[in-house]
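# sequence and predicted structure below; questions after.
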Amino acid sequence: MKKVQLTVVLIGAILFASCTDNSAKLKKLNENITNLESKIEVQNKEQATLEANKKVVTDFYQDLFGNQNYQNMDKYVGPVYIQHNPNVADGREALKEMLPIWLKDAPKFKLNFNLVVAEKDLVFVQVITENDGNRTSTMDVFRVTDGKISEHWDAFNTFKKGDKSANDNPLF
């Protein structure tokens, strides 16, 4: 009888220990799942912000440059706007004044975004435009802060009609 009781107690202890061990493993597994869910949620929010930033920039570019709706500047550009193009002063009003000068006599047009990439708070766009046989490739970088454009850099290259390239590669 004592052997049976001892066996039952021993089996109970083993079962209890295995249950306790599994409880600890289950608890750790649940913690890992919670951590992964949190990381996925953060990544989803970051991706949504990147997509929203890309949309702000491409909508801005099309609306103001392609459609020439200069009155929509405040919709896209924040109250603080730092400009790295040496031809334009800082501030959205300066850009609003320059756009009609740059686009004087230009028809409205649909922009060709060759590249749109977002990383952190920056959006990179590469646009190809053609005018009178001249093809211009422009690379713009925009900083987006709180859903509005707050800073801008650009670089461009024009390949004029009749120019000969030293290679067969397009500008981009």
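That came through fine. Residues are numbered from 1 along each chain as shown.
# any buried residues in the helix or strand Met98 falls within, and which?
Per DSSP states H and E, Met98 falls inside helix 92-102. Across helix 92-102, burial judged by 16 or more other C-beta atoms under 10 Å covers 92, 95-96, 98-99. For glycine as for every other residue, the C-beta is placed from the backbone atoms N, C-alpha and C.
# contacts for the helix or strand that comes right after that helix, please.
Sequence order places strand 112-119 as the next helix or strand after helix 92-102, per DSSP H and E. Identification of contacts with strand 112-119 by C-beta atoms under 8 Å, 6 or more residues apart in numbering yields 50-51, 53-54, 57-58, 61, 123-129, 137, 172.
# now, of those, which are buried?
Buried, going by 16+ other C-beta under 10 Å: 50, 53-54, 57-58, 61, 123-129, 137, out of the contacts of strand 112-119.
# what sits against Lys110?
Lys110 is in contact with 62, 66, counting by C-beta under 8 Å, 6+ apart.
# tell me the phi and psi of it?
Main-chain torsions, Lys110, degrees, to the nearest 10: phi -90, psi 120.
# try Phe142
Dihedral pair for Phe142: phi -120, psi 140, per degrees, to the nearest 10.
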